[in-house]
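1. Model the structure of this input:
(2 chains)
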Amino acid sequence: MNCLLLSPRFPELSYWSFREPCELLGARYPAAPLGLVTAAALLPPDWTIRLLDLNVQEMDPAQLDWADIVMAGGMIPQQRSLLALIDLCHAHGKRIAVGGQDPTSQPDIYAAADYLVLDEGELTIPRFLADLAAGATSGIYRSEEKPDITLSPTPRFDLLELQRYIYTGVQFSRGCPFNCEFCDIIELYGRRPRTKTPQQLLRELECLYRLGYRGHVDFVDDNFIGNKKAVKAFLPELLTWSRQHGFPFLFSTEATINLADDPTLLDMMEAVDFRYVFVGIETPDPRLLIRTQKKVNTRYSVVECVHRLNRRGMVVTAGFILGFDGETRQAADAIAACVEAAAIPMAMVGLLAALPNTQLTRRLAREGRLPEPRFRLQPGDADQATSGLNFIPSRPRAEILEDYAALLRQVYSPRRYFGRVLAVARRLVRHPKQVGSIRGRWTELRALGALVWRLGFDRQTAWYFWRTALVVLLTRPGNFEAALHLMAFFLHFRTHTRIVLDGLERHLHEPGK
Amino acid sequence: MNDLLSQDILDIIFQDPQVRRLHKETLADWILDTQPHTAPLDAAALLEYLAAHQPDLLNRLKINVRIKEDLARALESNARN
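-> Residues are numbered from 1 along each chain as shown, chains lettered A, B, ... in the order given. Take a look at the predicted model:
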């Protein structure tokens, strides 16, 4: 059986596309499609599998002719591309099976697909395969049960062209113990985090290592520290493995802010070379945090926590949300002040979105505040910056959008962004273990040249760029590389902010708004 | 009444390790169960709740230098009304 796995396109310019940094580093897209290579490992060993990631490769429709079956999956931002793939497959007379987060959350949108292989593949893919072998030409496969992921096979990393990505992902756990009202993770993967065994994860890293991959590995876990006991059992094993292999990887992940409150865990993460952590801060206002059931954040001073993580070598990227029920006009200012005080250069500031199957969506529907029950992306929608506020908010929409535009202008003004880069570079205490290859160094050197050209001779950024570069070189030369990376990301944020602001301007000046 | 007072009060209470977790949970539940979702949290209602259910906590807030003046004004205004 010839099986073609397709990873649908993400929108051309979203917060997460990082187009310019990818160009600088010779990559085509930031992250490899871990979900598809995980699914690939669950397919019969005698199948011939090809993977095409449309974010890094163009597809010749003739490639479909080779396939006996096409499989594709994706998240909300990939919705439009995935729907187009279903049509394309049918136009070529091919059957297509779809799965992943968005089809699982709203299968009716994908009703045209031949097979809907939903929920977690470890349980539903075998049932799909059995039916397929028996000649079924359609089917919907669901499971209310959550699989034991200690039984998950090593993802088929060999199907990926790893050099086309900035980083590749691995997954240690699924699920999150917290209960945030707006979050779909707990609906999809549950509130009891399930983890792989340390040996299992090390096998995955060994596989990447043997494929020649070196560099950045992202733990894509919904909350890496959801099960602290399991993480604490795993990290010492990872340290031993990394030592034995000469520290081939540096790491990043996503975690809740209580990470900063656990010195043992921080010691372990520092030792294995975690350099980036994404934290959902959402808002610094405890009134809103309580209402949105993100009580874990109310227990800590966000600013202190971020600084503590910086002192452990980790650059914090953070998510913030505008549009919560009960917020006032001060909300945007409070977020801006928090971003500045904590010095978070990469702040993902988005609009609240009522995602499918969340407690928030169910409440808004009960209150008659959800005009469209399905989360359908419109042309131009890319991320939370453009597709949020899909409900009737508690304060005037125009007011929120005005505040949002002002917030984006403030957070991504060159003066403020480079100021935060400087602040974090001066605070960061990093002892890098992973040093990179000679080829990687050469790529970074070329990227530095391009960065100097694009930021160092641009009227809007030149002063801030040279000041930051020189001050870091003179005061914290060990953090120069980290500062350069963060400055490179400004190229992306500048473009992204401009496009979002243009969209907001148009929206605010539409008649009747 | 100062709109940020309720934010400051909750900040202080929730970040104070000496305040028992049970008290924090009860306060959070009171906000979720009784206060309207779509309006900003009413500081006057919050003070009334603290006075009635957690008076020790309110007394500690009264001597907190960060908010004591705003809090005194708010309590006075509550008493007048």
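
2. Which elements pack onto the strand or helix carrying B:Ser77?
-> Following DSSP states H and E, one finds B:Ser77 within helix B:68-80. Judged by 3 or more CB pairs under 8 Å, 6 or more residues apart in numbering or on different chains; DSSP states H and E, the packing partners of helix B:68-80 are helix B:5-15, helix B:43-53, helix B:55-62. (Glycine included, C-beta is placed from N, CA and C.)

3. could those go into JSON lines alongside mean neighbour count?
-> Conversion of the helices and strands packed on helix B:68-80 to JSON lines gives the following (neighbours: other CB atoms under 10 Å in any protein chain shown):
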{"stretch": "helix B:5-15", "mean neighbour count": "21"}
{"stretch": "helix B:43-53", "mean neighbour count": "16"}
{"stretch": "helix B:55-62", "mean neighbour count": "15"}
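
4. could I get those as CSV with distance to A:Thr317 and mean pLDDT?
-> Formatted as CSV, the helices and strands packed on helix B:68-80 follow (distance: least, CB to CB, whole Å; pLDDT from 0 to 100):
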stretch, distance to A:Thr317, mean pLDDT
helix B:5-15, 23, 93
helix B:43-53, 33, 94
helix B:55-62, 34, 94
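
5. Mind checking those helices for the one nearest to chain A?
-> When these are compared by CB to the nearest CB, helix B:5-15 sits nearest chain A, at 3.8 Å.

6. in whichever helix or strand comes after that closest one, what's buried?
-> Next in sequence after helix B:5-15, counting helices and strands by DSSP H and E, comes helix B:21-34. By 16 or more other CB atoms under 10 Å in any protein chain shown, the buried positions in helix B:21-34 come out as B:Lys24, B:Leu27, B:Ala28, B:Trp30, B:Ile31.

7. Can you narrow these down to the ones near chain A?
-> The subset of the buried residues of helix B:21-34 within reach of chain A, by CB under 8 Å from any CB of the partner chain, is B:Lys24, B:Ala28, B:Ile31.

8. Close to chain B: what parts of chain A are there?
-> Residues of chain A lying near chain B (CB under 8 Å from any CB): A:285-287, A:290-291, A:293, A:295, A:298-301, A:325-328, A:330, A:334, A:363, A:394.

9. Please indicate which of those are buried?
-> Buried among the residues of chain A next to chain B (16+ other CB under 10 Å): A:285-287, A:290-291, A:293, A:295, A:298-301, A:325-328, A:334, A:363, A:394.

10. Of the ones next to chain A among the buried residues of helix B:21-34, just say which sits nearest to A:Ile499.
-> B:Ile31 (37.5 Å; CB to CB).

11. now the closest one: how far from A:Glu367?
-> 18 Å (CB to CB, to the nearest Å).

12. what do you get for A:Phe493?
-> 35 Å.

13. In terms of neighbours, single out the busier of the two.
-> Just comparing A:Phe493 and A:Glu367: by other CB atoms under 10 Å in any protein chain shown the higher neighbour count belongs to A:Phe493, 20 against 13.

14. ok so the more buried one is a helix residue?
-> Yes - assignment of A:Phe493 by DSSP: H, G, I helix; E, B strand; the rest coil places it within a helix.

15. Contacts only, for it.
-> Listed by CB atoms under 8 Å, 6 or more residues apart in numbering or on different chains, the contact partners of A:Phe493 are A:Met346, A:Tyr412, A:Tyr417.

16. buried residues in the lowest-mean-pLDDT helix or strand in chain A?
-> When the helices and strands of chain A are scored by mean pLDDT, DSSP states H and E, helix A:384-387 comes last with a mean of 75. Buried residues in helix A:384-387, counted by 16+ other CB under 10 Å: A:Gln384, A:Ala385, A:Thr386, A:Ser387.

17. Could you report the pLDDT at the closest residue to the last one other than its chain neighbours?
-> In this case it means A:Ser387. With sequence-adjacent residues excluded and distances taken as CB to CB, 6 or more residues apart in numbering or on different chains, A:Ser387 is closest to A:Asp381, at 3.9 Å. pLDDT recorded at A:Asp381 is 80.

18. Check the one 10 residues further on too.
-> Looking at A:Phe391, its pLDDT stands at 95.

19. How much space separates the closest residue to A:Gly26 other than its chain neighbours from chain B?
-> Using CB to CB, 6+ apart and skipping the chain neighbours, the partner closest in space to A:Gly26 is A:Thr443 (5.5 Å). Relative to chain B, A:Thr443 is positioned 44 Å away (CB to the nearest CB, to the nearest Å).

20. And the helix or strand containing A:Thr443, what does it pack against?
-> Take DSSP H and E as the rule and A:Thr443 turns out to sit in helix A:438-456. Where contact means 3+ CB pairs under 8 Å, 6+ apart, helix A:438-456 is packed against helix A:19-24, helix A:462-475, helix A:480-508.

21. Which of those helices sits closest to A:Val277?
-> Among these, if distance is taken as CB to CB, the winner is helix A:480-508, at 13.5 Å.

22. Can you give me every residue that contacts whichever residue of the stretch 1-150 of chain A sits closest to chain B?
-> Closest contact between the stretch 1-150 of chain A and chain B, by CB to the nearest CB, is at A:Ser105 (23.4 Å). Contact analysis of A:Ser105 by CB under 8 Å, 6+ apart lists A:Ile76, A:Asp184, A:Glu187, A:Leu188, A:Leu355, A:Pro356, A:Asn357, A:Phe375.
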